[in-house]
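Colleague: I would like to see how this sequence folds:
(2 chains)
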Amino acid sequence: MTGTSRAYPVVALSGLLLLLGVLLALPLYIADRPFELRMAILIFLFAVMGQGWNVLGGFAGQVSIGHGLYFGLGAYTAVLLAVKFGVNPWLGMLAGTALASLCGVLVGIPCFRLRGHYFVIATLVVAESVFQVFTVWEWVGSAVGIELPVKSEGWINFQFHRDKTPYYYIALTMLVVVTAGLWWLRRSRIGFLLRAIRDDEEAVRSLGFSPHLYKSLAMAISAGILGAAGVFHAQYVLFVDPFSVLGLHISVMVALFAILGGTGTLAGPILGAAILVPLSEYSRVHFSGSGRNVDLLIYGFLIMVIAVYRPDGLMGLLRSRPVLTMLDRLGLRSVLLQSPHIKNIRKGNSHAA
Amino acid sequence: MFRKRRIIPVVVAAALALAGGDVLAADPVKVGALYPLSGQVAKSGEDTLNGIRLAIEIINKDYPDLKMPFAAGEGLPGLNGALIELVAADHQGSPEIGMAEAERLIVQEKVAALIGAFHSSVAATSSQVAERMGTPYISGESEASTLTERGYRWFFRTTPSSRTQARDFFVFLRDLNKNRDAPIKTIAVVHENTLWGQEFAKSVAGYFKEFSEFQPSIVVGYQQGTSDVTSEVQRLIAAKPDVVFHASYDAEAILFARTYKQFNFNPQGVLAIGAAFGSNAFRDALGPDANYFLVREHWSRDLADRNPLVGQVAKMYRERFGKDMDGTPARAFTAMMVLADAINRAGSTEPEKIRAALAATRMPPEATIMPWEGVQFDETGQNTLTRGIFVQTLDGVPKMVWPAELAVAKLVWPRPVWR
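Modeller: Model prediction:
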């Protein structure tokens, strides 16, 4: 199997480059269509967030429904630094990423002691507590939120008013960098250890590795990515309030995109975002306005369909036999799906069972 | 393409238009409306938008019996009878979507002005877009005080901000004190902890300087959705305030009223912002105990006693949408009328002219359905002529009791002790 996918790296690589080329050229066609441009930006943003979630939730198997917390912390950090201390937003992005990372590790210290459902509940509770604190904390604008002052547009100020194309390229760059980084991470020793933790934490411990350490590392990377995405969001909307950056719906959405796309895979969160964002946007535009929430009903229904028929996510579709055969031919299998190594172990397990 | 035969009717029509006025109507004026039409507050968003729809219907169609601007005759006379076309957009309560929709409405739909946005957070981001693009923006119901403190040129607000609303409470008490030997002195504030309750508490705290005869007592914040307020009420009892100001939603309003009775807590008066302490749910739940609570309202059907226009508009609203009008649709209705008035006076859809006309707005009280002294904006874009009313539930029916010249029933003060 490894052989077949290694045999066509050129095909795989050229496929990816072609896709990248199309994405780079896309703004030329949609620059004068704000709706589509914004949708593309949102897809990239959510894909980045999904990737971030995936490091902890997918690779290491620690499902969090409180990841909106790190998104919000990133957003707030950059905005507060800019408003209170006049710090440049790019530095704010570094600070937001670092702070989110740090908070992730701190949250992990008590939470990683918990397993399974209790870990999930703990992440939710922490995120919700921080949300409540931010709604009453005067210095961070409490429930009113903070507006970023409008500055002259340009790369230095990270603000673009008339033409939003730069936001598109920034978001795309973030997605490419994050995806490439995670591609490397997955194949690294850390990546294998994380997946081993997901499959059997005790086994990892008995081999002399500290699961807590590696989970903390996954959390740091995961939360940092969410933090960076939060800074981008704040610079894009120029406004933060607890509800729109720390709300529970963000945590749920991030997890949803990654889970529906396919946890533990690199393409999963991208696929999830690429399908769910347009779905939600078009259903909002075409079916809302009646006051009857038809758009959200349709959205929810489709999610239910996917959950029932493809519980392993949209990436599960790719694992059906005809698609697998085709992917092998193209050499895309190892790029899109889990690494063959893990796949074999799993197969062995299922035979044993 | 053009043959002579085709040109003749056009020329005839143009001549008729010049002669008869509105045979050929001018292009419609597009107004973009940003409201939450799906999600948690979809119902309220829809009700509010209905207020705007009704205003546009009154402008666009001929209602000779209605004594208000633009009711008689079709369209805006200042633009050769141009009709107003509503382009509604759903922002789901998200500041990000609100921003994107504002952009879409301005760039793609080419609206002449924006109206919105229910949520103050969405008004913040969407008006920022309007400010950047130079599009007039009017808000009839987004109350966060900060919105008009940003120094924006293109943002106008007809509704009182939360700060102004808090001021009404003090004005009311000062008015009461005029006829009292033992003046009302200490004020406690009970508020829920979301944006609305917090803004109210903060605003109240800011007025003790201007109204120095009053003293702040305790401020009690609580989490919205709480199921027990015993400790909150005990803190109030210990503080013994003369009056309590309340910012609560329905469920907690009922809870507080019951707990007040349970502990026999008897301040001279309980004054609430928002409709919770006079709502149907509140009266159904508490029966006779719902009496004597005072609610600061924006609007009441009782206003029809003095201004027949209120009754007519409320009736139309009821007929169109099968629901009674309340303060929020009434304010959105008024904002739309103010915007239409400005566009009409501008005689053009040019943004700069509409903005200038908005800034020069002088709308007399009798032209609106509000209890206000009219509409006139200060340099921040805030309407300075707003006024609140106080409604007290008496024998199970909410009655307007203040200001005196609009009152339909006599205020009961202090409230009788619990029985």
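Colleague: against which helices or strands is the host helix or strand of A:Pro269 packed?
Modeller: Using DSSP states H and E, A:Pro269 maps to helix A:267-287. Helix A:267-287 sits against helix A:34-54, helix A:248-261, helix A:294-309, helix A:315-318, with contacts defined as 3 or more CB pairs under 8 Å, 6 or more residues apart in numbering or on different chains; DSSP states H and E. The way it works is simple: take the backbone N, C-alpha and C, and place the C-beta from them, glycine included.
Colleague: A:Ser216 against A:Pro110, yeah?
Modeller: No: judged on CB atoms under 8 Å, A:Ser216 makes no contact with A:Pro110 at a distance of 11.7 Å.
Colleague: more neighbours, the two?
Modeller: Using other CB atoms under 10 Å in any protein chain shown as the criterion, A:Ser216 and A:Pro110 rank with A:Ser216 on top: 18 against 10.
Colleague: quick one: which helix or strand includes the more buried one?
Modeller: helix A:211-237.
Colleague: wasn't B:Val295 part of a strand?
Modeller: Yes: assessed with DSSP: H, G, I helix; E, B strand; the rest coil, B:Val295 lies in a strand.
Colleague: in the sheet, who's paired with it?
Modeller: With DSSP bridges as the criterion, B:Val295 is bridged to B:Ala272, B:Val391.
Colleague: quickly find the element holding the residue nearest the centre of chain B.
Modeller: Note on chain B: the residue nearest the mean C-alpha position is B:Arg331, at 3.7 Å, using CA atoms, centre = their mean. Assessed by DSSP H and E, B:Arg331 sits inside helix B:327-346.
Colleague: repeat for A:Leu185
Modeller: Per DSSP H and E: helix A:165-187 holds A:Leu185.
Colleague: which parts of that helix are buried?
Modeller: Buried residues in helix A:165-187, defined by neighbour count with 16 or more other CB atoms under 10 Å in any protein chain shown: A:165, A:167-168, A:170-172, A:174-176, A:178-179, A:182, A:185-186.
Colleague: next one: stretch B:285-293
Modeller: Residues of stretch B:285-293 classed as buried: B:285-286, B:289-293 (neighbour count, 16+ other CB under 10 Å).
Colleague: also within reach of chain A: list those from these.
Modeller: Among the buried residues of stretch B:285-293, no residue sits close to chain A (CB under 8 Å from any CB of the partner chain).
Colleague: max pairwise distance over those: which two?
Modeller: Between any two of those, the greatest separation by CB to CB is 15.5 Å, found for B:Ala285 and B:Tyr292.
Colleague: kindly check the end-to-end length of stretch B:322-330 for me.
Modeller: One end of stretch B:322-330 to the other measures 15 Å (CA to CA, to the nearest Å).
Colleague: need the contact partners of it.
Modeller: B:44, B:47-48, B:50-51, B:54, B:141, B:275, B:297-299, B:301, B:313-314, B:317-318, B:333, B:369-370 (CB atoms under 8 Å, 6 or more residues apart in numbering or on different chains).
Colleague: let's see which of these end up in helices.
Modeller: If you go by DSSP state H, those have B:44, B:47-48, B:50-51, B:54, B:313-314, B:317-318, B:333 in helices.
Colleague: of the residues you listed, buried ones?
Modeller: For these, buried by 16+ other CB under 10 Å: B:44, B:47-48, B:50-51, B:54, B:313-314, B:317, B:333.
Colleague: restrict these to contacts with chain A.
Modeller: Checking these against chain A (CB under 8 Å from any CB), there are no matches.
Colleague: show me the two of those that sit farthest apart.
Modeller: B:Ser44 and B:Val313 (18.9 Å).
Colleague: for B:Ser300, which non-adjacent residue is spatially closest?
Modeller: Distances taken as CB to CB, 6 or more residues apart in numbering or on different chains place B:Met400 nearest to B:Ser300, at 5.0 Å, with adjacent residues excluded.
Colleague: now the one you found, what's its secondary structure?
Modeller: Assignment for B:Met400 (three-state DSSP): strand.
Colleague: and it, what are its bridge partners?
Modeller: Beta-bridge partners, per DSSP bridges, of B:Met400: B:Val391.
Colleague: just give me the neighbour total for it.
Modeller: Per other CB under 10 Å, the neighbour tally for B:Met400 reads 23.
Colleague: looks like it contacts B:Ala304 (just checking).
Modeller: No: judged on CB under 8 Å, B:Met400 makes no contact with B:Ala304 at a distance of 10.4 Å.
Colleague: show me the contacts for the residue of the stretch 251-400 of chain B found nearest chain A.
Modeller: Residue of the stretch 251-400 of chain B nearest chain A, by CB to the nearest CB: B:Phe321 (10.6 Å). Each residue near B:Phe321 by CB under 8 Å, 6+ apart is listed here: B:47, B:50, B:54.
Colleague: give me phi/psi at residue 198?
Modeller: All of this refers to chain A. Here is the backbone geometry of A:Arg198 (degrees, to the nearest 10): phi -60, psi -40.
Colleague: wait, isn't it in contact with A:Leu56?
Modeller: No: if you go by CB under 8 Å, A:Arg198 and A:Leu56 don't touch, sitting 10.0 Å apart.
Colleague: now residue 166: closest residue in space, sequence neighbours ignored.
Modeller: Let's take chain A. A:Phe160 (4.6 Å).
Colleague: wait, chain B was what I had in mind.
Modeller: Nearest residue to B:Ala166 in three dimensions, chain neighbours excluded: B:Ser203, at 3.6 Å (CB to CB, 6+ apart).
Colleague: the helix or strand that comes right after the helix holding B:Arg331 vs helix B:327-346, what angle?
Modeller: Next along the chain after helix B:327-346, taking DSSP H and E as the criterion, comes helix B:351-359. Using axes from the mean of the first three to the mean of the last three CA atoms, to 10 degrees, the inter-axis angle of helix B:351-359 relative to helix B:327-346 is 120 degrees.
Colleague: which residues are contacting helix B:351-359?
Modeller: Residues from elsewhere that reach helix B:351-359 (CB under 8 Å, 6+ apart): B:112-113, B:134-136, B:138, B:153-154, B:156, B:338-339, B:341-343, B:345-348, B:377, B:381.
Colleague: average pLDDT across that helix?
Modeller: Average pLDDT, helix B:351-359: 95.
Colleague: can you check stretch A:284-293 too?
Modeller: 61.
Colleague: how about stretch B:304-322?
Modeller: The average pLDDT within stretch B:304-322 is 91.
Colleague: same question, stretch A:240-247
Modeller: 89.
Colleague: list the contacts of B:Ala342.
Modeller: Contacts for B:Ala342 were tallied using CB under 8 Å, 6+ apart; they are B:136, B:354, B:357-358, B:361.
Colleague: revised request: answer the last question for B:Ala272.
Modeller: B:245-248, B:253, B:278, B:293-296 are the contacts of B:Ala272 under CB under 8 Å, 6+ apart.
Colleague: in three-state terms, how would the residue lying closest to B:Gly39 once chain neighbours are set aside be classified?
Modeller: Leaving aside its chain neighbours, B:Gly39 sits nearest to B:Gln92 (4.5 Å; criterion: CB to CB, 6+ apart). Per three-state DSSP, the local secondary structure of B:Gln92 is coil.
Colleague: give me the number of residues near B:Gln92?
Modeller: Neighbourhood size, B:Gln92 [other CB under 10 Å]: 25.
Colleague: for chain B, what are the low-confidence residue spans?
Modeller: B:1-25, B:40 (pLDDT under 70).
Colleague: what ranges do the strands span in it?
Modeller: Secondary structure of chain B by DSSP state E: the strands cover B:29-35, B:84-90, B:113-116, B:137-139, B:155-157, B:186-192, B:215-222, B:243-247, B:269-273, B:294-297, B:389-394, B:397-402.
Colleague: just name the most buried of the ones you listed.
Modeller: Neighbour counts (mean count of other CB atoms under 10 Å in any protein chain shown) averaged over each of those peak at strand B:113-116, with a mean of 30.
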